[in-house]
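Student: Pasting a predicted model and its sequence here:
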Amino acid sequence: MAEFQEVLKQSALHPKPAGLCLQYGTAGFRTNAKQLDHIMFRMGMLATLRSKKTQATIGVMVTASHNPEEDNGVKLVDPMGEMLTPAWEDYATQLANAEQDDLARAVKEVIQKEAIDMSREANVFVGKDTRSSSPALSQAVIDGVSALGGHSKDYGLVTTPQLHYMVWCQNTKGKYGEATVEGYYRKHCQAYVQLTKNASNRTDDQKHLCVDGANGIGALKVREMEHHLQKGLQISLFNDGSKGKLNHQCGADFVKVQQKPPADIEINPGERCCSFDGDADRIVYYYTDSDGRFHLLDGDKIATLISTFLKELLTQAGLDLNIAVVQTAYANGSSTLYLENTMKVIVKCTKTGVKHLHHEAQKFDIGVYFEANGHGTVLFSQAAVEKIQQLAEDANSDDTKKRAALLLQSTVNVINQTVGDAISDMLLIEAILAVRGMTVQQWDAMYTDLPNRQLKVKVSDRRVIDTTDAERRAVSPAGLQDAIDSLVKKYRQARSFVRPSGTEDVVRVYAEAETQESADALAHEVSLAVYRLAGGVGDEPKPLQ
Ligand SMILES: CC(=O)N[C@H]1[C@@H](OP(=O)(O)O)O[C@H](CO)[C@@H](O)[C@@H]1O
Ligand SMILES: [Mg+2]
């Protein structure tokens, strides 16, 4: 076949280092940028195959999110703007690891297994983050697309959620918006202006928000978007990439894991701040109080704020729609209790990784999903959107119902439903605080987080750890779960679990307990158990200072 001549010719320009083996992880491939050229080329080919198979546009995003600047990675976006279906992750791994002379066979195998008609057209949207390695790597993706005769459209510098949005808009023929960056700003900002228009007595102070752009793409895009907000939000942008290094001592992951504000940012006590991660698909909020104490409002607090707001509007609108919050094992125990017992909201727990949360959230009329690290969004079913629209247009509904329906309608429009989106989440959160006349302190006071600690342990092969029950219990290696259980018993309100990371070569340890000292001690003791029972390498974990 002629196209395989082209594959062989082109792929020789993007050779795979012999013996290198990489896995499609929690969110695609991710490693040092120097090892990724062939992966990008091959993912360009895979996206082309996926496009031919689904007869829809597919997205390829070049980014390594919150990881260091030296790293890079690639995420594939499926037709409705969601993550690549897990069924194709295996093909991704197979293509990525095929040795150079076996590549044409590996491609043919996917074509045969999926019965792909190669005469079909293929369209691939490509985007990249601000890493210095991204231009060359995204060119490799584009080369991979053309090697199999596909068409690519290069969106250049965009956030990951913007690329997801473009794919969704394209495949739904503009029903939800225009597949352009300007269209994205217009839709989300108009919805924000709609939501906040009756909260117009807000002072400039109340409208003020400090944004840490992680020295990445999110900073550029906030700048680009700002004028669409019609002064409805006053943003002070920090870590805008003009001097600092991407994700270094800043960004959502740093703030969440270190439980402190980014370095080099001056925050006044009480001031509302948020941090994006390196590809702007995560957001966390925080402030410091007058005693200098740091308060983090993470994905769990965000999910609580949003679901409470939506529940209240549904009640006012008299709409009978079910609403659920989807979390992972990393959700703070206090948030789960508050949502279930006080808010009476359905709460579900899934494995780590947005694809799992997204899938679960789709089962409800309204599914609010957030990872504790701030990655999340809200999904509205088609039926929910229609009911909201009917009510908003119903001439006979009373003022309260109508107001609630209109607010719900704007909420649907402000949210990027394809995937977690720092920018659109920020607009929704800011709008909710404005509509409710709520301060960040009042939001924080909804419930008090249990002190917690996350640690990493290096082991020789993290696959020896196998988990069950949405990753909350370890089934192997033998004795590890028993060890964790007896350590947890020593502390009050304690919980701990371990799981192999899907993005880094480490085992993650999580612990929470009544006090920070207990959470720290428990996390350390569990780390030691992992080190001893799961083949730890290097020095034994040391107690936290
Ligand atoms: C504890 C934690 O934050 N884990 C993150 C991290 O996955 P790991 O499999 O834990 O490495 O990266 C994922 C992709 O960004 C994200 O979905 C997930 O929540
Ligand atoms: Mg990210």
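Tutor: Received the coordinates, thanks. Residues are numbered from 1 along each chain as shown. Ligands and ions are numbered 1, 2, ... in the order given.
Student: Any residues of the stretch 401-545 of the chain in contact with ligand 1? List them.
Tutor: Within the stretch 401-545 of the chain, the positions lying close to ligand 1 (CB under 6 Å from any ligand atom) are S501, G502, T503, E504, R508. Backbone N, C-alpha and C define where each C-beta goes, glycine included.
Student: Find the helix or strand that the third one is a member of.
Tutor: Using DSSP states H and E, no element contains T503; it sits outside every helix and strand.
Student: residues touching it, list them.
Tutor: Taking CB atoms under 8 Å, 6 or more residues apart in numbering, we find T503 in contact with G25, T26, A27, R30, N67.
Student: if you set the cut-off to 7 Å instead, what comes out?
Tutor: G25, T26, A27, R30 (CB atoms under 7 Å, 6 or more residues apart in numbering).
Student: Could you do N123 as well?
Tutor: Here N123 is in contact with S51, T57, G150, H151 (criterion: CB under 7 Å, 6+ apart).
Student: go with 6 Å
Tutor: S51, T57, H151 (CB atoms under 6 Å, 6 or more residues apart in numbering).
Student: Okay, it and ligand 2: tell me how far apart.
Tutor: According to CB to the ion, to the nearest Å, N123 and ligand 2 sit 25 Å apart.
Student: Give the bridge partners for that residue, please.
Tutor: For N123, the beta-bridge partners under DSSP bridges are H151.
Student: Could you list the contact residues of the stretch 201-350 of the chain toward ligand 1?
Tutor: Y330.
Student: Enumerate the residues of the stretch 201-350 of the chain near ligand 2.
Tutor: D277, D279, D281 (CB under 5 Å from the ion).
Student: how much space is there between the first one and A392?
Tutor: Yep, that's D277 we're talking about. 34 Å (CB to CB, to the nearest Å).
Student: higher neighbour count, those two?
Tutor: For the pair D277 and A392, the greater number of neighbours falls to D277 (34 against 19), based on other CB atoms under 10 Å.
Student: got the contact list for the more buried one?
Tutor: Neighbours of D277 in contact, by CB under 6 Å, 6+ apart: S65, H66, A214, G251, A252, D253.
Student: which residues does the residue nearest to S496 when sequence neighbours are not counted contact?
Tutor: Spatial nearest neighbour of S496, chain neighbours left out: A511 (4.1 Å); criterion: CB to CB, 6 or more residues apart in numbering. Under the criterion of CB under 6 Å, 6+ apart, the neighbours of A511 are R453, S496, A519, L522, A523.
Student: Pull up the gap between A511 and ligand 2, please.
Tutor: 24 Å.
Student: So that residue belongs to a strand, correct?
Tutor: Yes - secondary structure assignment (DSSP: H, G, I helix; E, B strand; the rest coil) places A511 inside a strand.
Student: hang on, the earlier thing: would you report which members of the contacts of T503 are assigned to helices?
Tutor: Among the contacts of T503, no residue falls in helices (DSSP state H).
Student: how about these, which pair is most distant?
Tutor: Across these, no pair lies farther apart than T26 and R30, at 8.8 Å, counting by CB to CB.
Student: Can you pick out the residue with more neighbours from the two?
Tutor: R30 (25 against 17).
Student: In the sheet, which residues pair with the more buried one? Tell me.
Tutor: Under the criterion used (DSSP bridges), R30 bridges to G73.
Student: Thought S65 was touching it, still the case?
Tutor: No - between R30 and S65 there is no contact, the gap being 7.6 Å when judged by CB atoms under 6 Å.
Student: residues contacting the residue of the stretch 351-500 of the chain at minimum distance from ligand 2?
Tutor: Ranking the residues of the stretch 351-500 of the chain by distance to ligand 2 (CB to the ion) places H375 first, at 6.7 Å. By CB under 6 Å, 6+ apart, H375 lies in contact with D281, R282, V354, G420.
Student: Tabulate these (TSV), appending secondary structure and neighbour count.
Tutor: Formatted as TSV, the contacts of H375 follow (DSSP: H, G, I helix; E, B strand; the rest coil; neighbours: other CB atoms under 10 Å):
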residue	secondary structure	neighbour count
D281	coil	32
R282	coil	32
V354	helix	24
G420	coil	28
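Student: ok, so of those, who is nearest F294?
Tutor: Of the contacts of H375, the one sitting nearest to F294 (CB to CB) turns out to be R282, at 18.2 Å.
Student: Give me the phi and psi angles of the closest one.
Tutor: Dihedral pair for R282: phi -130, psi 150, per degrees, to the nearest 10.
Student: Also the one 5 residues further on?
Tutor: Per-residue torsions, Y287: phi -160, psi 160 (degrees, to the nearest 10).
Student: Then V211?
Tutor: phi -120, psi 120.
Student: doesn't I235 make contact with it?
Tutor: Yes - counting by CB under 6 Å, I235 is a contact partner of V211 at 5.4 Å.
Student: Neighbours of G270, how many?
Tutor: Neighbours of G270 under the rule other CB under 10 Å: 14.
Student: Can you classify it as helix, strand or coil?
Tutor: coil.
Student: give the contact list for it.
Tutor: Listed by CB under 6 Å, 6+ apart, the contact set of G270 reads Y287.
Student: Go through stretch 199-209 and flag the buried ones.
Tutor: If you call a residue buried by 16 or more other CB atoms under 10 Å, then stretch 199-209 has these buried ones: A199, Q206, K207, L209.
Student: Phi first, then psi, for the closest residue to the third one other than its chain neighbours.
Tutor: Using CB to CB, 6+ apart and skipping the chain neighbours, the partner closest in space to K207 is Q234 (4.8 Å). Backbone dihedrals for Q234, given as degrees, to the nearest 10, come out at phi -110, psi 100.
Student: Could you list the residues of the stretch 51-200 of the chain in contact with ligand 2?
Tutor: S65.
Student: among the contacts of H375, which one has the lowest pLDDT?
Tutor: pLDDT across those is at its lowest for V354, which sits at 89.
Student: For T26, see how far away the residue of the stretch 351-500 of the chain closest to ligand 2 is.
Tutor: Counting by CB to CB, the gap from H375 to T26 is 11 Å.
Student: Name the surrounding residues that touch the lowest-mean-pLDDT helix or strand in the chain.
Tutor: Between all helices and strands in the chain, the lowest mean by mean pLDDT, DSSP states H and E belongs to helix 2-11, at a mean of 77. Contact partners of helix 2-11, identified using CB under 6 Å, 6+ apart, comprise L103, A104, D143, A147, L148, G149.
Student: what's the distance between Q259 and A47?
Tutor: Here Q259 is placed at a distance of 38 Å from A47 (CB to CB).
Student: Comparing those two, which residue is more hemmed in?
Tutor: Higher neighbour count among Q259 and A47: A47, with 32 against 18, using other CB under 10 Å.
Student: host element of the more buried one?
Tutor: helix 37-54.
Student: that older thread, show me which of the residues of the stretch 401-545 of the chain next to ligand 1 is closest to D298.
Tutor: Among these, R508 lies closest to D298 (CB to CB), at 15.9 Å.
Student: between V211 and I235, which one's more packed in?
Tutor: V211 (24 against 18).
Student: which one among the contacts of D277 gets closest to ligand 1?
Tutor: S65 (5.3 Å; CB to the nearest ligand atom).
Student: For E504, see how far away the closest one is.
Tutor: S65 is 12 Å from E504, by CB to CB.
Student: and if you look at V141?
Tutor: If you measure V141 against E504 using CB to CB, the figure is 23 Å.
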